[in-house]
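Q: fold the stuff below for me.
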Amino acid sequence: MAWLLAVLVVLGLGWIRLAPSDPARWHQRPEVAADRDMKGGVLRAVTTGPEGLARLDTVVRAAPRTRVLAGSVGQGMVTYVTRSRVFGFPDYTTAWQDGATLRIWARLRFGRSDLGVNRDRVDQWLAALGY
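A: Below is the predicted model of the structure:
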């Protein structure tokens, strides 16, 4: 019976690491875009001037285990996927330029709480920009 449990765990972890990311689902803006910390993510709004998204994009693309899922700076909105080091849990971060305000929405895909991982990551990215 222990081997069955081990197989189920391995299959579950494989699904988490290999599950496809549908841009239509994740490349979205939230209804409310004010600063907010949540159990599974974070919303941030920072006055950066019109170049905020381009500057953030440079920082995010240099982050480990992070890639662009959809969008571009030219389109005014980008969604990134960052995977955890060990198990490959995906977190999604959507950033968009709203006039002089850079808005960022980071959230988890699996589970109920990210233990502040998205908040910490976004705050580190903003600190790298000087905010």
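
Q: when you work out contacts or count neighbours from here on, use the C-alpha atoms and nothing else.
A: Fine.

Q: quick one, helices of this structure?
A: Secondary structure of the chain (DSSP state H): helices at 2-18, 23-26, 52-61, 117-128.

Q: what's the local residue count around Tyr131?
A: Applying other Cα atoms under 10 Å, we find 11 residues neighbouring Tyr131.

Q: nearest spatial neighbour of it, chain-adjacent residues omitted?
A: Take Tyr131 and drop its neighbours on the chain: the residue closest to it by Cα to Cα, 6 or more residues apart in numbering is Val46, 7.7 Å away.

Q: and the one you found, bridged to which residues?
A: Assessed by DSSP bridges, Val46 has beta-bridge partners Leu102.

Q: residue contacts, it?
A: 101-103, 131 (Cα atoms under 8 Å, 6 or more residues apart in numbering).

Q: what's the closest of the helices of the chain to Gly41?
A: helix 117-128 (5.5 Å; Cα to Cα).

Q: the closest one to helix 52-61, inter-axis angle?
A: Counting by axes from the mean of the first three to the mean of the last three Cα atoms, to 10 degrees, helix 117-128 points 120 degrees away from the direction of helix 52-61.
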